[in-house]
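Enquirer: fold the following.
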Amino acid sequence: MSKLYISYNQIHESIRDAVERYNINSDFKADLMVTITGGGLVPSRILRTFLDKRENRNVPIQAIGLSLYEEIELAQANGESGENIQVVKTQWLNPDEISLLGRRILLVDEVDDTRQTLAFAVKELLKEIEAEEVRKGLQPGESNTQLGVFVLHNKLKPKKRDLPDEIMNNYFACVEMPDQWLVYPWDAVDIQEHTKKASI
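Expert: This next block holds a predicted model:
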């Protein structure tokens, strides 16, 4: 599979364009980002630059850690196929420190490839929201919490998991593209060489 090198400038421009194209500031009005740390940290920080402030404050970013590909690589290194590997939580939100209720939350990652990681994160966040509603004496859905997904790249290929329709209504992909091996700048050892390859 050929490699496509992505530069920081391309990422910055793609995020800016997506915020405008999807009218995120006027239609979704995000007031919290939850970033998947492996690939979502840098995109989340860039995204915050283009999101409107809420009550004179930047949109906060909370981080969650999920592991899938590392687990698959480890299984394959041990001679196993890795096909039955599941997503593993390595870091999660503390419900005692942050309330999700009534928020308009964007879950951010760099790429929607097989959709396994995103689907797991969405399912777990929806469970957290419902559990908090129950603790507060509300019926499921009564808090009107909104959850959306923001990714840099969506690979147009069959997915291994689906997202609920209400999530797909708030699904924002900066770039829709064929299945290709993406090389992001935060993985570069030589950033100058990486940037040259991204401009070809």
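Enquirer: from here on, just use CA atoms for contacts and neighbour counts.
Expert: Noted.
Enquirer: gap between stretch 16-26 and the chain center?
Expert: 16 Å (CA atoms, centre = their mean, to the nearest Å).
Enquirer: buried residues, that stretch. List them.
Expert: Neighbour-count burial for stretch 16-26 flags Arg16, Ala18, Val19, Tyr22, Ile24 (criterion: 16 or more other CA atoms under 10 Å).
Enquirer: got any ranges where the chain has weak pLDDT?
Expert: For the chain, residues meeting the criterion pLDDT under 70 lie at 69-84.
Enquirer: same thing but 90
Expert: 1-2, 38, 55, 67-86, 88, 95-96, 200 (pLDDT under 90).
Enquirer: now the helices for it?
Expert: Ranges of helices in the chain, per DSSP state H, are 8-21, 37-50, 69-77, 116-135, 165-168, 191-198.
Enquirer: need those helices in CSV with distance to Gln62, can you?
Expert: Shown next, in CSV, are the helices of the chain (distance: least, CA to CA, whole Å):
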stretch, distance to Gln62
helix 8-21, 19
helix 37-50, 9
helix 69-77, 22
helix 116-135, 12
helix 165-168, 19
helix 191-198, 27
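Enquirer: so which of the ones you listed gets nearest Pro95?
Expert: helix 116-135 (7.9 Å; CA to CA).
Enquirer: restrict that closest one to CA atoms and write it as CSV.
Expert: As requested, the backbone C-alpha atoms of helix 116-135 are provided in CSV (Å, rounded to 0.1, in the frame of the first residue of the first chain):
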residue,chain,number,x,y,z
GLN,A,116,-13.3,-0.1,16.0
THR,A,117,-11.7,2.5,18.2
LEU,A,118,-14.2,5.2,17.5
ALA,A,119,-17.2,2.8,18.0
PHE,A,120,-15.7,1.6,21.3
ALA,A,121,-15.2,5.2,22.5
VAL,A,122,-18.7,6.3,21.5
LYS,A,123,-20.3,3.3,23.2
GLU,A,124,-18.4,3.9,26.4
LEU,A,125,-19.1,7.7,26.4
LEU,A,126,-22.8,7.0,25.9
LYS,A,127,-22.7,4.6,28.8
GLU,A,128,-21.0,7.3,30.9
ILE,A,129,-23.7,9.8,30.0
GLU,A,130,-26.5,7.5,30.8
ALA,A,131,-25.0,6.4,34.1
GLU,A,132,-24.6,10.1,35.1
GLU,A,133,-28.2,10.8,34.1
VAL,A,134,-29.3,7.9,36.4
ARG,A,135,-27.2,9.2,39.3
